[in-house]
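# below is the sequence, then the predicted model.
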Amino acid sequence: MKNKLIKNLNQLLLAIGIIILSLLVGAIIISFSGNSPLEAYSTMFNGAFGSKQRFMEVLVRMIPLVIMALGTSVAFKAKLWNIGGDGQFIVGSILAVSVSLYSGLPPVIGVPLSIIAAMIGGALWSGLAGLLRVKFNAPEVITTLMLNYIAVYLLSFLVYGPMMDPLGSKMPQTANISTAYRLPLFESGNRLHMGIFIALFIVVIMVFFWKTTVGYKIDLLGQGEKVTTYSGVSVKKMIVFTMAISGLLAGIAGWTEVFGVQYRLLEGITSGYGSIAVVIALMGGLNPIGILISGFFFSALLVGGSTMQRMTEIPYSIVEIVQGLIIIFIIARTAINFKEIKNRITRRLSNVK
Amino acid sequence: MLSNIFTVSFFVSLLASTIRLATPILLPALGQTFTQRAGILNLSVEATMTIGAVAGFAATFFSGSLWLGILSGMVFGMLYGLFMAILSVTLRANQVIAGITLNILGAGLAVFFYRVIFGIQSLPPQVEPFKMLKIPFLSDIPFIGVIFFQHNIIVYLAFIMVIVTWFILEKTTFGLKIKAVGENPKAADSKGISVNKYRYIAILIGGIYAGAAGAFMSIGYLNIFTESIIGGRGFIAVSVVIFARFLPIRAMWGALLFGVASALQLRLQALGIDVANQLMLMLPYALTIIALVLASKKAEFPSAYTIPYSRKER
């Protein structure tokens, strides 16, 4: 127990080190552009933590991102490269909003039904990629990506066409879902909604999920298909199932965003959450608690970054640059064998002597 | 109604745009044929093209020279390829993760530097793009002339590169070595071919092609740069290589297939035909999935595809 704690603490310290290093490289790029890194990072920090309002906004952003990153982690653990979180989020949202707008059911039945619809939508979209992988050997990394583009245009088609708000002013969005369907807010005046409990609840579920037989089998899948075959699991079924679970979570992420924040479907509803979810999942070491922490950090970075863009001359893209750098350093950290380098250096030093 | 749409002139302009729109997929696909043959799946082509588009646009904007723009796209494409080479070859990182990461970083870098260089302007800065180069005599042939011989020079060069790429890969020892490090790195290594060196070269060549294609988008096809200028073409190019079974000539047919899909959408839109535009825009992406489904089972991936090479793990 104590060893595990030390190991986790080490990992946390390492993560902090990597973040600092990435921010330093980011600072060089910012100063290269003729701006002050100090100004950039201080407005960013203030933008995320400067007031209660802003801090709440970080939590709002964190809800779908953490859920989606948990979904990504399920696939990645099995070495299935589902990078179609955006598409699964969108298709889940479309089905969920359809239930709430057109079913006419009372919220007692309609709300649970809309969650189920979101899960089905997400799971279908990713499960399809899984199916194409096992049936036709089509690489899921490409098919999930292509399904993203298809979902984006499908959403655009729907909000400009059949699902457009009939009473609205021809804006590309659906009508608002009725108040009874919405996730309740904590307090009026900021956007934090009860979805935060759903996100935390799913984190807890995922902690236990990895201890179940199913979780263990997914883990095995990542360690090579042969192992899984030996333990008597049908690899093909397992691949489709894992992909479906991964997309199911992205679908729930879509549900929280639509029913907690937007209250309607509109174009650009995911705003690239999918790739951020990948970063969060990797930074969190594909571990639920790790994902919760890294999800909080990246949400702060996003919210702070958009404040920075509004208040300074520095483009928001620096946030993406820092995200990329963080993962590069993580890759480098796991790839570079420090012991070997240390040995080599000591050997060289002793040679000099 | 249909006879009004599908006239001869419609088909002629459709096929002409097919060739034009195939170009930014053909070039990166040819480059990735080298890369993937060497055993490297480089998903960061998408970002490499975006970087090429900014680099090409900026160079042309400030120098006034279009060729300098293409060159700049190639150089920066190659430099960005270096990141992938370091991550996937030297550090032996998982290629999918490296590719995804470099896409996020590259998109950020491209847009950051575009914004820093050009600031926020109400009208996007423009350049005078490559002009149409009519091939004498040939361009006067009815129909054929318009379809094949009235494009800008980069389009012609891209199609010439099909032959060049095929020749290098199939007829030279250099091509043989590239294929060897992707097919059987251990055997290549034992024959004294440096696996890492040839994988680096294959990735850098892929970067050069992708950078040129990115520059083509901003100074050859359009005359501006936008964040979404590449719009998934890099990813499509990666899949074209796979379902072309890693052969340059087939990659050309693949690129033309996507050219048709995009051209159809543009042409129908230009005619003001009310097929929901968004559904037409899905076509190239849906086509990619269908093509992968049809071809992946038969595709013979290089034996060491996506597998990092290490001498120790013999």
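Structure's in. What do you need?
# can I get stretch A:205-224 in PDB? Just the C-alpha atoms.
Provided in PDB are the C-alpha atoms of stretch A:205-224 (Å, rounded to 0.1, in the frame of the first residue of the first chain):
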ATOM      1  CA  ILE A 205     -17.200   3.100 -11.800                       C
ATOM      2  CA  MET A 206     -14.100   2.900 -14.000                       C
ATOM      3  CA  VAL A 207     -11.800   2.400 -11.100                       C
ATOM      4  CA  PHE A 208     -13.800  -0.700 -10.300                       C
ATOM      5  CA  PHE A 209     -14.300  -1.600 -13.900                       C
ATOM      6  CA  TRP A 210     -10.600  -2.300 -14.300                       C
ATOM      7  CA  LYS A 211     -10.800  -4.800 -11.400                       C
ATOM      8  CA  THR A 212     -13.600  -6.800 -13.000                       C
ATOM      9  CA  THR A 213     -13.100  -9.800 -15.400                       C
ATOM     10  CA  VAL A 214     -14.300  -7.700 -18.300                       C
ATOM     11  CA  GLY A 215     -11.800  -4.900 -17.500                       C
ATOM     12  CA  TYR A 216      -9.100  -7.500 -17.100                       C
ATOM     13  CA  LYS A 217      -9.900  -9.000 -20.500                       C
ATOM     14  CA  ILE A 218      -9.700  -5.600 -22.200                       C
ATOM     15  CA  ASP A 219      -6.300  -5.200 -20.600                       C
ATOM     16  CA  LEU A 220      -5.200  -8.600 -21.900                       C
ATOM     17  CA  LEU A 221      -6.300  -7.600 -25.400                       C
ATOM     18  CA  GLY A 222      -3.800  -4.800 -25.200                       C
ATOM     19  CA  GLN A 223      -1.000  -7.200 -24.300                       C
ATOM     20  CA  GLY A 224      -1.400  -9.100 -27.600                       C
END
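# what residues sit buried inside stretch B:156-172?
Neighbour-count burial for stretch B:156-172 flags B:156, B:158-159, B:161-162, B:165-166, B:168-169 (criterion: 16 or more other C-beta atoms under 10 Å in any protein chain shown). C-beta coordinates here come from the backbone N, C-alpha and C atoms, glycine included.
# so how far is it from its chain's centroid?
14 Å (C-alpha atoms, centre = their mean, to the nearest Å).
# with stretch B:109-129 instead?
That offset, for stretch B:109-129, works out to 22 Å (C-alpha atoms, centre = their mean).
# can you point out the buried residues in it?
Under the neighbour-count criterion of 16+ other C-beta under 10 Å, stretch B:109-129 has B:109-116, B:127, B:129 buried.
# can you check stretch A:324-336 too?
Neighbour-count burial for stretch A:324-336, counted by 16+ other C-beta under 10 Å, picks out A:324-332, A:335.
# quick one: which of the residues you listed is nearest chain B?
residue A:324 (2.5 Å; C-beta to the nearest C-beta).
# nearest spatial neighbour of that closest one, skipping sequence neighbours?
For residue A:324, ignoring the flanking residues on the chain, the nearest one in space by C-beta to C-beta, 6 or more residues apart in numbering or on different chains is residue B:105 at 2.5 Å.
# doesn't the one you found lie inside a helix?
Yes. With DSSP: H, G, I helix; E, B strand; the rest coil as the criterion, residue B:105 is assigned to a helix.
# that one against residue A:319, yeah?
No. Here residue B:105 does not reach residue A:319: they are 11.3 Å apart, not a contact under C-beta atoms under 8 Å.
# would you mark the buried spots in stretch A:67-84?
A:67-78, A:80-84.
# contacting chain B as well, which ones from those?
When contact is defined as C-beta under 8 Å from any C-beta of the partner chain, the buried residues of stretch A:67-84 meet chain B at A:81, A:83.
# quick check: residue A:138 touching residue A:132?
Yes. Between residue A:138 and residue A:132 there is a contact at 4.3 Å, judged by C-beta under 8 Å.
# ok, these two, which is more surrounded?
Counted by other C-beta atoms under 10 Å in any protein chain shown, residue A:138 and residue A:132 do not tie: residue A:138 has more neighbours, with 28 against 24.
# any idea how many residues pack against whichever residue of the stretch 101-250 of chain B sits closest to chain A?
Proximity to chain A, evaluated over the stretch 101-250 of chain B using C-beta to the nearest C-beta, is greatest for residue B:105 at 2.5 Å. With neighbours defined by other C-beta under 10 Å, the count for residue B:105 comes to 24.
# and the stretch 101-250 of chain B, which residues reach chain A?
Residues of the stretch 101-250 of chain B lying close to chain A (C-beta under 8 Å from any C-beta) are B:101-109, B:111-113, B:115-116, B:232, B:235, B:238-239, B:242.
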